[in-house]
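**Student:** Okay, here's the prediction I keep looking at, along with the sequence it came from:
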Amino acid sequence: MSSPSHETFDLGPHKDVTRLWCGLWQLSSNAWGSAPVPRIRKCMGEHVDLGFTAFDMADHYGSAEIIFGQFRKSLPVPDTVIGATKWCVFKPTIPSRAVVEAAVRERLARMQTEHVDLLQFHWQDYADKGYLTALEILDDLRGEGLVSAIGLCNFDTIRTDEICTQLGPGIIVSNQVQFSLIDTRPLHGMTDVCRRHGVKLLVYGTLAGGFLSDTWLNEPEPDLYSGQLTPSQRKYLDMIVKAWGNWALFQRLLRCLRGIGDRHGGISIANIATRWVLDQDAVGAVLVGARLGLSDHLDDNLKVFQPECRLTREDKEAIENVLAYSNGRKIITTIGDCGAEYR
């Protein structure tokens, strides 16, 4: 079912996985809009038909796990589609075997599967070293066949290194973090740690909630409190104008990306922004949020893999010349390392 036009990578036991994933976080709230479940499943099928065979979800993304499970079970060969979900521990928890196994089995039940393809783990409080115990138990469950692969979600560089060192090679296959032209924090240590331990980054926020697109080129700065922005747009607008730089500099970046796209035969700003991230060390895949049943950009997203979208040294230098005027390299000190904004 995989399209030959897709770039792929290996993720633990999963081979030839597409480097563009469908992110289902927008199913967590009607604030992004909503569509009937049959239409959502139909759109999932359209993704798979075009080779987008990996879906990312979480225990707190509304009914995402359930809808995905229903969809995959309806396929002639369900195993051709990868379902990555998360177990997120936001409050104090003693990670006993019973607690950890119950969390995994809940994922299995909701996704109607015998094993979780990729179970990504988030732990809120670093002061509580229970995350090491939880991950050791998850590894036991992996050995028992309930989980195929274990990943992290929004762990910082220090803890990622600590976990991979303690658990040993090959246990942790991925870490899901925010990464874009606006947020380059993974370049300041995380990619080095991932490369050393053989961990792939699964990255989100690459289009900054849609701001890194032709839609916003030459547009005035939107009102953060207008009620017209999605939750993602409010989050990333705040980062653009407060942490990264300002709207005028952001427009300069968009114009730079548009110029590069024009030189490459009309490739979109979103394609260029995505390609830049895919070219970074340790990045396995970019997770593209999809408003299933409402809007998607499947055909445009596929252009990321076309030869016309390859960035030249001159392209990258032009981008860097704009980024040099931003506070991008300081975000890791003002906001903190990867995932700090959630703690």
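**Tutor:** Yes, it's here.

**Student:** What ranges does this protein have for its strands?
**Tutor:** Using DSSP state E, the strands of the chain run over residues 8-11, 14-18, 20-23, 54-56, 82-89, 118-123, 150-153, 172-178, 200-204, 283-289.

**Student:** residues touching Ile316, list them.
**Tutor:** Wrong residue type there; residue 316 is Lys, not Ile. Lys316 makes contacts with Trp276, as judged by C-beta atoms under 8 Å, 6 or more residues apart in numbering. Just so you know, the C-beta spots here come from the backbone N, C-alpha and C atoms, and that holds for glycine as well.

**Student:** And it, how far from Asp214?
**Tutor:** From Lys316 over to Asp214 the distance is 20 Å, taken as C-beta to C-beta, to the nearest Å.

**Student:** Please apply the same query to Ile82.
**Tutor:** From Ile82 across to Asp214, the span is 30 Å (C-beta to C-beta).

**Student:** okay, the two: which has more neighbours?
**Tutor:** More crowded of Ile82 and Asp214, by other C-beta atoms under 10 Å: Ile82, with 19 against 16.

**Student:** mean confidence score for stretch 83-92?
**Tutor:** Mean pLDDT, stretch 83-92: 98.

**Student:** Pass me the low-pLDDT residue ranges in the stretch 151-300 of the chain, would you?
**Tutor:** 291, 293-296 (pLDDT under 70).

**Student:** Next, Lys129: phi, psi?
**Tutor:** Reported as degrees, to the nearest 10, the phi and psi values for Lys129 are phi -70, psi 10.

**Student:** Only the buried residues of the longest helix anywhere in the chain, if you could.
**Tutor:** For the chain, the longest helix by residue count, based on DSSP state H, is helix 247-263. By neighbour count with 16 or more other C-beta atoms under 10 Å, helix 247-263 contains the buried residues Trp247, Leu249, Phe250, Gln251, Arg252, Leu253, Leu254, Cys256, Leu257, Arg258, Ile260, Gly261.

**Student:** How much space separates Leu302 from Arg263?
**Tutor:** For Leu302 relative to Arg263 (C-beta to C-beta), the value is 20 Å.

**Student:** Tell me which stretches of the stretch 151-300 of the chain form helices.
**Tutor:** Ranges of helices within the stretch 151-300 of the chain are 157-167, 190-197, 231-238, 247-263, 269-278, 298-302, based on DSSP state H, counting those that start in this stretch.

**Student:** Give me whichever of these is most buried.
**Tutor:** Comparing these by mean neighbour count (mean count of other C-beta atoms under 10 Å), helix 269-278 ranks first with a mean of 24.

**Student:** ok, Gly189 - how many residues close by?
**Tutor:** Gly189 has 17 neighbours, counted by other C-beta under 10 Å.

**Student:** can you tell me how far it sits from Leu167?
**Tutor:** Using C-beta to C-beta, Gly189 is found at 19 Å from Leu167.

**Student:** Could you do Arg19 as well?
**Tutor:** In terms of C-beta to C-beta, Arg19 sits 25 Å off from Leu167.

**Student:** Also Gly151?
**Tutor:** Counting by C-beta to C-beta - Gly151 and Leu167 are separated by 12 Å.

**Student:** same deal with Lys200?
**Tutor:** 16 Å.

**Student:** what's the answer for Ala318, then?
**Tutor:** Distance from Ala318 to Leu167, by C-beta to C-beta: 41 Å.

**Student:** circling back to that earlier point, which other residues reach the longest helix of the chain?
**Tutor:** Against helix 247-263 from outside (C-beta under 8 Å, 6+ apart): 181, 211-212, 214, 216-218, 220-221, 240-241, 244, 267-269, 271-273, 311, 315, 318-319, 321-323, 325-326.

**Student:** could you check the angle helix 269-278 makes with it?
**Tutor:** Angle of helix 247-263 versus helix 269-278, following axes from the mean of the first three to the mean of the last three C-alpha atoms, to 10 degrees, is 90 degrees.

**Student:** Pull out the CA atoms of stretch 166-178 and give them to me as CSV.
**Tutor:** Written as CSV, here are the backbone C-alpha positions of stretch 166-178 (Å, rounded to 0.1, in the frame of the first residue of the first chain):
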residue,chain,number,x,y,z
GLN,A,166,19.8,3.2,31.6
LEU,A,167,17.6,1.0,29.4
GLY,A,168,20.3,0.1,26.9
PRO,A,169,20.6,0.3,23.2
GLY,A,170,17.6,-0.3,20.9
ILE,A,171,14.9,0.0,23.6
ILE,A,172,13.8,3.6,22.9
VAL,A,173,13.2,4.2,19.2
SER,A,174,11.9,7.7,19.1
ASN,A,175,11.2,11.0,20.8
GLN,A,176,8.3,13.2,19.7
VAL,A,177,9.2,16.9,20.0
GLN,A,178,8.3,20.3,18.4
